[in-house]
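*Asks:* my questions are about this predicted structure, shown below with the sequence.
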Amino acid sequence: MRIQTIATAAAALCLAAGLAWAAPPDMPKPGPEVQKLGYFDGHWTGESEMKPGPFGPGGKMTSSDHCAWFHGGFQMVCTGEGKGPMGEFHSVGVLGYNTEEKHYVYFGYDSTGVMSTAHGKVDGKTWVWNGQDKMGGKLIHSRYTITELSPTSYSFKWETSEDGKSWATLAEGKSTKR
């Protein structure tokens, strides 16, 4: 009788442990840092002035971007099109937050052949994205600063540097949510 009681208790413990292991974990939920990316959700139109530099001649640039949450709500995917001094262009970008590194991440490419990555920080209403990419075998530093002006508009400034210390403005402009 005692062996049967011990066997029954052991079986019950094994079953309980198995059920605990078999229970699927809760799906992760986006944290507050990720939710800040929601500012960019929507349709945006932009106008900027491109300065002459490594990305072509200067002149007026217009853009239309659509940003939306990717499945799960952890990344914002943005597709865009526009027209500038070198003609029409199209782009795709992904914004996310790296919880291990404690910074925002951008991955993007466009129809001019540019592929870039950047790490970002936000301080109040100012987002600063820093990247390093090669052009013609030379390392180029980039800094893209976004300042939220209202829930439906922001200004931006794109700068580049060869040494990461002295910066030249490549473009400045404003985007408005439709």
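*Replies:* Thanks, I have the structure now. Everything quoted here is computed from the prediction, not taken from an experiment.
*Asks:* the helices in this structure, which residues?
*Replies:* Assigned by DSSP state H, the helices in the chain fall at 2-22, 32-35.
*Asks:* and residue 93, what is it in contact with?
*Replies:* Taking Cβ atoms under 8 Å, 6 or more residues apart in numbering, we find residue 93 in contact with 77-78, 80, 106-109. (Each C-beta comes from the backbone N, C-alpha and C, glycine too.)
*Asks:* can you tell me which of the residues you listed are buried?
*Replies:* Among the contacts of residue 93, the ones that count as buried by 16 or more other Cβ atoms under 10 Å are 78, 80, 106, 108.
*Asks:* circling back: and the helices of the chain, which one is worst for confidence?
*Replies:* Of all these, helix 2-22 carries the lowest average pLDDT, namely a mean of 54.
*Asks:* show me what residue 88 bridges to in the sheet.
*Replies:* On the basis of DSSP bridges, residue 88 is bridged to residue 83.
*Asks:* contacting residues for it?
*Replies:* Residue 88 touches 81-82, 111, counting by Cβ under 8 Å, 6+ apart.
*Asks:* do the same with residue 37
*Replies:* Residue 37 is in contact with 75-76, 95-97, 104, counting by Cβ under 8 Å, 6+ apart.
*Asks:* returning to what we had before: could the buried ones among the contacts of residue 93 be laid out in JSON lines, adding pLDDT and distance to residue 50?
*Replies:* Shown next, in JSON lines, are those (pLDDT from 0 to 100; distance: Cβ to Cβ, whole Å):
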{"residue": "78", "pLDDT": "98", "distance to residue 50": "19"}
{"residue": "80", "pLDDT": "98", "distance to residue 50": "15"}
{"residue": "106", "pLDDT": "98", "distance to residue 50": "20"}
{"residue": "108", "pLDDT": "96", "distance to residue 50": "17"}
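*Asks:* ok, the residue nearest to residue 67 when sequence neighbours are not counted - contacts?
*Replies:* Spatial nearest neighbour of residue 67, chain neighbours left out: residue 78 (4.0 Å); criterion: Cβ to Cβ, 6 or more residues apart in numbering. Counting by Cβ under 8 Å, 6+ apart, residue 78 touches 40, 65-67, 91-95.
*Asks:* on that earlier part again, identify, from the contacts of residue 88, the entry nearest to residue 156.
*Replies:* residue 82 (13.1 Å; Cβ to Cβ).
*Asks:* need the strands for this protein, in chain order.
*Replies:* Assigned by DSSP state E, the strands in the chain fall at 42-50, 59-69, 76-84, 87-98, 103-110, 115-123, 126-135, 138-150, 153-161, 168-177.
*Asks:* which one of these lies nearest to residue 33?
*Replies:* strand 87-98 (4.6 Å).
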